[in-house]
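# Requesting a structural model of the entry that follows:
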Amino acid sequence: WIAQGLSGKTGLPVWTNYVQRMKYTETQTVLNRSQRKENMQGAFIVSQNVSGKTIILVDDVLTTGSTLSSMAVSLKSAGAVSIIVMTVVTPVKDSL
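Numbering: from 1, shown residues only. Down below sits the predicted model:
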């Protein structure tokens with residue numbers, strides 16, 4: 001787990017059960033950017049108290065950000081103060 005490795009280096013705790021998927025969503029690999037965003041709307045629920053907390057979301061790949069964005073919206077709605085996103089890989093765009 002990427003988060004476990006970061007935790008070992010930083011001493012920050014890892015909580016894997018704070019956000020849970022609420023609904024089945026179509027695989028993201030076949031969807032374009034706008035379809036991915038729509039696909040992920042309302043997909044997650046926060047199951048633990050996050051009021052006043054800063055949350056770091058860790059993912060292996062960031063393609064469009066739809067999944068992490070949906071999680072962040074849920075966390076902010078549940079009272080998280082700040083959301084930090086960390087990813088290992090993001091695809092290089094042709095325009096760079």
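
# helix or strand for Cys3, which one?
For residue 3 the amino acid is Ala, not Cys. Using DSSP states H and E, Ala3 sits in helix 2-10.

# if you average pLDDT over the helix or strand following that helix, what comes out?
Remark: after helix 2-10, the chain's next helix or strand is strand 19-21, criterion DSSP H and E. For strand 19-21, the mean per-residue pLDDT is 88.

# could you point out which element follows strand 19-21?
The helix or strand immediately downstream of strand 19-21 is helix 33-40, counting by DSSP H and E.

# And that following helix, what does it pack against?
helix 66-77 (3 or more C-beta pairs under 8 Å, 6 or more residues apart in numbering; DSSP states H and E). Glycine gets a C-beta too; all of them are placed from N, C-alpha and C.

# List of residues touching the following helix or strand past the helix it packs on?
Using DSSP H and E, the next helix or strand after helix 66-77 towards the C-terminus is strand 82-89. With contacts defined as C-beta atoms under 8 Å, 6 or more residues apart in numbering, strand 82-89 is touched by 2, 6, 54-62, 65, 68, 72, 75-76.

# let's see 7 Å
With C-beta atoms under 7 Å, 6 or more residues apart in numbering as the test, strand 82-89 has contacts from 2, 54-62, 68, 72, 75-76.

# what comes up buried for it?
Ile83 (16 or more other C-beta atoms under 10 Å).

# do stretch 22-32 as well
Of the residues in stretch 22-32, those buried (16+ other C-beta under 10 Å) are 25, 31.

# Outside of that stretch itself, list whatever touches it.
By C-beta under 7 Å, 6+ apart, stretch 22-32 touches 36, 39-40, 42-45, 66.

# Format those residues as a markdown table; extra columns: neighbour count, distance to Thr90 and pLDDT.
Below are those laid out as a markdown table (neighbours: other C-beta atoms under 10 Å; distance: C-beta to C-beta, whole Å; pLDDT from 0 to 100):
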| residue | neighbour count | distance to Thr90 | pLDDT |
| --- | --- | --- | --- |
| Arg36 | 21 | 14 | 78 |
| Asn39 | 17 | 19 | 72 |
| Met40 | 24 | 17 | 78 |
| Gly42 | 11 | 25 | 78 |
| Ala43 | 19 | 21 | 79 |
| Phe44 | 21 | 21 | 87 |
| Ile45 | 13 | 26 | 90 |
| Ser66 | 22 | 13 | 82 |
